[in-house]
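J.: Structure, please.
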Amino acid sequence: MNRTGWFKSSRSAENPACVEIRFTTDATDVRDSKNPAGPMLSFPRAAWAKFLRR
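T.: Numbering: from 1, shown residues only. Reported below is the predicted structural model:
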């Protein structure tokens, strides 16, 4: 699985209370930037695309 790395919105500036995302071959992963070693949510690509269209 190709992992491209984690990133957060440029609009978050210095705010540490953000979510970070990364794209993989078949999913989008989401985690809390304050706890990068904590739990992660993984959404299939189609579900993430549907979420963005809302």
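
J.: Closest to the centroid, which residue in this structure?
T.: Ile21 (1.6 Å; Cα atoms, centre = their mean).

J.: who's in contact with that residue?
T.: Contact analysis of Ile21 by Cβ atoms under 8 Å, 6 or more residues apart in numbering lists 6-8, 28-31. Backbone N, C-alpha and C define where each C-beta goes, glycine included.

J.: where's the dip in pLDDT among those?
T.: pLDDT across the contacts of Ile21 is lowest for Lys8, at 86.

J.: Give me the distance between it and Phe43.
T.: Distance, Lys8 to Phe43, by Cβ to Cβ, to the nearest Å: 16 Å.

J.: What of Arg31?
T.: 12 Å.

J.: Counting neighbours, go ahead and name the busier of the two.
T.: Taking other Cβ atoms under 10 Å, Arg31 and Phe43 do not tie; Arg31 has more neighbours (20 against 15).

J.: Paired strands for the one helix or strand the more buried one maps to, with orientation please.
T.: Using DSSP states H and E, Arg31 sits within strand 27-32. Paired neighbours of strand 27-32 in the sheet (DSSP bridges): strand 19-23 (antiparallel), strand 40-44 (antiparallel).
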